[in-house]
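Asker: here you go, sequence then predicted model.
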Amino acid sequence: MLRSAAITAVVTQAATKAGFELAGIAPVEDAPELEYFPRWIADGHAGEMKYLEARDEQGRLKRASLAHAAPWARSVVVCALNYNTAQPYSTEVQKKDAERGWISRYAWGQQDYHDAVMPRLRQVEAAMRNACGSDEVVTRCYVDTGPIVERVAAKYAGIGWIGKNTCIINQKVGSWLFLGVILTSIELETGLPAPDRCGSCTRCIEACPTDALIAPYQMDSNKCIAYLTIEKRGAIPDELRAGMGRHVFGCDICQDVCPWNRRAPATEIAEFQARPELVNPALDWLAEMSAEEFSRKFRGSPVKRAKRNGLRRNAAIAIGNSGERKFLPVLEKLAADEDEVVAESAAWAIQKLT
Ligand code: SF4
Ligand code: SF4
């Protein structure tokens, strides 16, 4: 078996070979950032994302303490995949064409990011197990589903700091990053946490249209457009609809305005290359999309998570916010839709336009 430092080197080399821009090792000790997690959950800031509230048999929040949730784990390997592409930012194009909406940057490609990150993570896991040369070693790979707050682990692995917009930011790569983690029973050499480089900047907080960044480093998901357009089922609260602007799936604003993303490099990974029709898409196309087209267009895509009726609900609200009265016939059709939420959202939009 190689020594800890040598295995760490194998892990980082394997991560690079697998296509990850960044990789590092975090210890399993509970970080001070996690102390806020139970309060954040108790205050209801996770909205309907019940998976964040998963508890162990003693009723403890799994994500609040890796030491409790995976007592066998000794180190956390964190890998980050850059998904940025060369397309402009929402803050650059959204003002230009009111007939078009916005799908978040991470969802423009052919494949859901879970399916892109996991096989690469498995390559790193295999190299690590091979370097350990022991069948006794325990490893577990996770993309979003682990008993861990990935961005906290990423900070302590040296991937980047947690910005005031709550995203992980790397000084060279920016914040367009998917994270994957491998918990391991091996004690590996760990990195140093990345220093916070937000300084006195507050651009993300000022730019957030729904005031979801309730304080630096703190988000109320219930107000975040990404949550509202992707995770929230049923009607979107009236008071948040205007702030959604023309976002139909996710929101990139607090990352678009971040100075650390000004020179973010573009990825060459084929699965993340943007499908042109999803960048700044036509609102009427989304609002009128048939079940068959939705299924064909978004097969394997993260957009499927919103479901067709969720996307049409969002498109109706976006049209209401567009000021484009030419879309009234589209809204009138949606207002008679059999889905009550779609119909009510369209009725709201008609009222807004007229
Ligand atoms: S994703 Fe959009 S709505 Fe959510 S915090 Fe960032 S700017 Fe605000
Ligand atoms: S916009 Fe400014 S405050 Fe917000 S995350 Fe970026 S650097 Fe930090």
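Answerer: Now that the structure is in, tell me what you want to look at. Ligands and ions are numbered 1, 2, ... in the order given.

Asker: let me see the contact set for residue 280.
Answerer: By CB atoms under 8 Å, 6 or more residues apart in numbering, the contact list for residue 280 reads 93-94, 97, 100-102. Placement of C-beta: from N, CA and C, glycine included.

Asker: where does it land in three-state SS?
Answerer: coil (DSSP: H, G, I helix; E, B strand; the rest coil).

Asker: return the item of the contacts of residue 280 having minimum pLDDT.
Answerer: Lowest in pLDDT among the contacts of residue 280 is residue 94, which has 73.

Asker: and it, how far is that from residue 344?
Answerer: For residue 94, the distance to residue 344 equals 25 Å [CB to CB, to the nearest Å].

Asker: also residue 65?
Answerer: 42 Å.

Asker: same question for residue 321.
Answerer: Between residue 321 and residue 344 the distance, using CB to CB, works out to 16 Å.

Asker: who's more crowded, these two?
Answerer: Under the criterion of other CB atoms under 10 Å, the comparison of residue 321 against residue 344 puts residue 321 first, with 21 against 18.

Asker: beyond the helix or strand encompassing that one, next helix or strand please.
Answerer: Secondary structure from DSSP states H and E places residue 321 in helix 307-322. Going down the chain from helix 307-322, the next helix or strand is helix 328-335, by DSSP H and E.

Asker: helices and strands around that following helix, which ones?
Answerer: Counting contacts by 3 or more CB pairs under 8 Å, 6 or more residues apart in numbering; DSSP states H and E, helix 328-335 packs against helix 283-287, helix 307-322, helix 340-353.

Asker: just put these in CSV and tack on mean pLDDT and distance to residue 12.
Answerer: Output for the helices and strands packed on helix 328-335, formatted as CSV (pLDDT from 0 to 100; distance: least, CB to CB, whole Å):
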stretch, mean pLDDT, distance to residue 12
helix 283-287, 97, 41
helix 307-322, 98, 39
helix 340-353, 98, 47
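
Asker: quick one: which of these is nearest residue 17?
Answerer: helix 307-322 (36.8 Å; CB to CB).

Asker: and the end-to-end length of stretch 296-310?
Answerer: For stretch 296-310, the first-to-last residue distance is 16 Å (CA to CA, to the nearest Å).

Asker: repeat that for stretch 258-275.
Answerer: Stretch 258-275 has an end-to-end distance of 24 Å (CA to CA).

Asker: count the neighbours of residue 345 for me.
Answerer: 29.

Asker: show me the contacts for the residue nearest to it when sequence neighbours are not counted.
Answerer: Excluding its sequence neighbours, the residue lying closest to residue 345 (CB to CB, 6 or more residues apart in numbering) is residue 316, at 4.1 Å. By CB under 8 Å, 6+ apart, the contact set of residue 316 is 287, 331, 334, 342, 345-346, 348-349.

Asker: show the backbone phi and psi for residue 74.
Answerer: The phi/psi pair for residue 74 (degrees, to the nearest 10) reads phi -120, psi -30.

Asker: for the closest residue to it other than its chain neighbours, helix, strand, or coil?
Answerer: Nearest residue to residue 74 in three dimensions, chain neighbours excluded: residue 187, at 4.4 Å (CB to CB, 6+ apart). Recorded secondary structure, residue 187: coil (three-state DSSP).
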